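**Q** Okay, predicted coordinates and the sequence, questions at the end:
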Amino acid sequence: MFTRYLLPLLALAGFLFGLYMVVTGNKPTPVAEPVAQPAQAPFESFIAGSGLVEARSENIAIGTPLPGVVTRVAVKAGERVKAGQILFELDDREARAEEGVRRAATARARAGVEEAAASLKEAAILLQLAESVDDRRAISLEELERRRNAHAIARSRLDSAKAQVGQAEAELTAVRTTLVRLRVRALIDGEVLKVNVHPGEFAMAGVTNLPLLVLGNLTELRIRVDIDENDAWRFRKEAKAVAYLRGNRDLKTELSFAYVEPYVIPKRSLTGDSTERVDTRVLQVLYRFDPSQLAAYVGQQMDVFIEAPDMIPQTAADGPPDTRVLP
């Protein structure tokens, strides 16, 4: 009797379980609360854009003109450096050995000049003695011409020896220039923002995806704001602008206009990878702010709002907006 109703009961239980799963699965997923409340624009009409904090000098990607193994990194992240200060050094043993060879070649060339000068002096004395003989029967015309030729040859050898000295000195200078280039130095006063190279690593020359060092002048910070091309016509440099720190909308700072890069470019992802692009094109506007008024770091994202009316009357005679750099 029990076995007769077992299969129907199991089927009913399976149906009820499936119905329960369908009902519970169709419930809407609750929207997660944001980690931080987004910033609100302080203007009734505005242009909104994402901003990226950068150094006053822009973020300078430091590379090396010559490839080689790094032997010493003289700075660390966060350290202030002066123009001309060594940042890192490459292995210079080969260049130093070449410098010794070129130095010896230069010394030999200079000795050759002294030897050629002595030979010229001797030929000049012999020629002078031959030409001072009044009685032409005492010296043959052939001997006189031979001494003249010897004098001319000695002069040419001296010129050649001097040219060899110039060549040897130029080659020595080239090697010494290589030694200087193996020590990468800072070209401006600034602060080391990032160090991506360590002793023992091989540094590639030229443009690399990851710069060896990043340097910047942090006496003043700037924000590079991407304004959508659809809003570019509404932008005016004299308009007020405010930036809010991502993650805390209570931290904000007023911005002052620096300059516009008057070339609309494809939008770039804020990851910093120059190959990540989308179809949107943007106008890049740079604002400045005092880092003492807001603790922000280079590379940090900010929400920027620029005051802008809905409509700005402008005739064709007015021309494009002024994008000159402010002093």
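**A** Perfect, I can see it now.
**Q** longest helix of this protein?
**A** Assignment by DSSP state H gives helix 141-181 as the longest helix of the chain.
**Q** And that helix, what does it pack against?
**A** Helices and strands touching helix 141-181, as assessed by 3 or more Cβ pairs under 8 Å, 6 or more residues apart in numbering; DSSP states H and E, comprise helix 93-131. No exception for glycine: its C-beta is placed from N, CA and C like everyone else's.
**Q** Let me see the mean pLDDT of the helix it packs on.
**A** For helix 93-131, mean pLDDT rounds to 91.
**Q** got the buried residues for that helix?
**A** 95, 98-99, 102-103, 105-106, 109-110, 112-113, 116-117, 119-120, 123, 126-127, 130 (16 or more other Cβ atoms under 10 Å).
**Q** just how off-centre is that helix within its chain?
**A** 46 Å (Cα atoms, centre = their mean, to the nearest Å).
**Q** Give me the local confidence score for the nearest residue in space to Ala232 that is not next to it in sequence.
**A** Leaving aside its chain neighbours, Ala232 sits nearest to Leu283 (4.4 Å; criterion: Cβ to Cβ, 6 or more residues apart in numbering). As predicted, Leu283 sits at a pLDDT of 92.
**Q** what's the burial count for Leu283?
**A** Using other Cβ atoms under 10 Å, Leu283 has 21 neighbouring residues.
**Q** Which strand residues bridge it?
**A** Ile227 (DSSP bridges).
**Q** who touches it in this structure?
**A** 226-227, 229, 232, 235, 260-262, 264 (Cβ atoms under 8 Å, 6 or more residues apart in numbering).
**Q** which ones are touching the residue nearest to Leu90 when sequence neighbours are not counted?
**A** Spatially, and ignoring its direct neighbours in sequence, Leu90 is nearest to Gly68 (3.6 Å; Cβ to Cβ, 6+ apart). By Cβ under 8 Å, 6+ apart, the residues touching Gly68 are 90-91, 182, 202-203.
**Q** ok, those residues vs Ala11, which is closest?
**A** Nearest to Ala11 among those is Phe202, at 70.1 Å by Cβ to Cβ.
**Q** Wait, that closest one touches Leu66, no?
**A** No. Under the criterion of Cβ atoms under 8 Å, Phe202 makes no contact with Leu66, lying 11.7 Å away.
**Q** picking that back up, orientation of the longest helix of the chain relative to helix 93-131 in degrees?
**A** On the basis of axes from the mean of the first three to the mean of the last three Cα atoms, to 10 degrees, helix 141-181 is oriented at 160 degrees to helix 93-131.
**Q** May I have the beta-bridge partners of the spatially most central residue of the chain?
**A** Closest to where the C-alpha atoms of the chain average out (Cα atoms, centre = their mean) is Ala61, at 2.9 Å. Going by DSSP bridges, Ala61 is paired in beta bridges with Val214.
**Q** Repeat that for Gly51.
**A** Val225, Met302.
**Q** got the contact list for it?
**A** 223-226, 243, 287, 301-304.
**Q** Roughly how far does the residue nearest to the centre of the chain sit from Pro262?
**A** Noted for Ala61: a distance of 24 Å to Pro262, by Cβ to Cβ, to the nearest Å.
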